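Asker: Here is a sequence together with a model predicted from it:
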Amino acid sequence: MPGKTRRSPRERQASGQLSHYWARFKTLGGNRFRIDTRIYLEPTVSPDDGDRVLGCIIGKNPGSATPAKRTAQPTPIVLDGDKFLPTVLSVVRKAYAAAGAPVPSGAYVRVLNLFYLCDRDLSQAKRSLATIRRAPPYPEEKQHYPWAWYAWGGPDRLLDPLKTRFDDLRSDSCFYYARDRDRIMTKRPSSRDLAKHTQGMPQAKVVSHLSQLIRG
């Protein structure tokens, strides 16, 4: 009897199986943008407007992750080597375990970015950013979040001007991991601060801080 054909991650996700990672993708002027990105703590078959947002994390831009299928609706994300989303999921789940708290049903973390252009190569993405005339609006930046985790890295001549709009981000608690000080800073970072990206970040202090926020 012939063996079954092994389906790719893209095919399995497109078939409607559960996923932790969801987003909407838009193509404008030949550029792909990833918006409304959600990291669900428990996998779900479909996002819902009534789902509970736990907090947000602010990174640089979407990397190599791609849509599971071409649609204007929310679709599972094929990670394609992207480590950012799984790392955030792992850290937040560890924080709930450390707090001894159950994960709320339908709970997710919102991913915000300095810009939403998809590109595996950040240097190329920054070059492309200078030529883009149109980008989709992102009203989720105007929402209120229980906590906001800044993880956009250190000073950058091209990216620093994009950071100032997050001065008005509404949240009950904001923080970042300062690699140069090896501690959690409970404030918004300035463009000069090193708000460590998740890549190579020691997780213990972030897990501990989030667990305290979860306990209230």
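Answerer: Here it is on my side, so go on. Predicted, not measured: the structure shown is a model, and the values here were computed from it.
Asker: quick one, helices of this protein?
Answerer: Along the chain, counting by DSSP state H, helices occupy 9-14, 84-99, 122-129, 160-163, 204-215.
Asker: Take those and write them to TSV, including mean neighbour count.
Answerer: C-beta here means a position set from N, CA and C on the backbone, and glycine is covered the same way. What follows is the helices of the chain, written out as TSV (neighbours: other CB atoms under 10 Å):
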stretch	mean neighbour count
helix 9-14	16
helix 84-99	18
helix 122-129	15
helix 160-163	16
helix 204-215	17
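Asker: Redo those as CSV? Include distance to residue 76 and mean pLDDT.
Answerer: Formatted as CSV, the helices of the chain follow (distance: least, CB to CB, whole Å; pLDDT from 0 to 100):
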stretch, distance to residue 76, mean pLDDT
helix 9-14, 4, 47
helix 84-99, 11, 97
helix 122-129, 22, 79
helix 160-163, 28, 93
helix 204-215, 25, 97
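Asker: can you tell me which of those helices comes nearest to residue 107?
Answerer: helix 84-99 (9.0 Å; CB to CB).
Asker: what helices or strands is the closest one leaning on?
Answerer: strand 19-28, strand 31-44, strand 52-59, strand 107-113, helix 204-215 (3 or more CB pairs under 8 Å, 6 or more residues apart in numbering; DSSP states H and E).
Asker: which strands and helices sit next to the fourth one?
Answerer: If you count contacts as 3+ CB pairs under 8 Å, 6+ apart, strand 107-113 packs onto strand 31-44, strand 52-59, helix 84-99.
Asker: got the CA positions of the second one in CSV?
Answerer: Output in CSV follows, covering the C-alpha atoms of strand 52-59 (Å, rounded to 0.1, in the frame of the first residue of the first chain):
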residue,chain,number,x,y,z
ARG,A,52,-9.3,38.9,24.6
VAL,A,53,-6.1,40.9,24.0
LEU,A,54,-3.6,40.4,26.8
GLY,A,55,-1.1,43.0,25.8
CYS,A,56,1.1,43.9,22.8
ILE,A,57,4.7,43.7,21.7
ILE,A,58,6.3,46.3,19.5
GLY,A,59,8.9,45.0,17.1
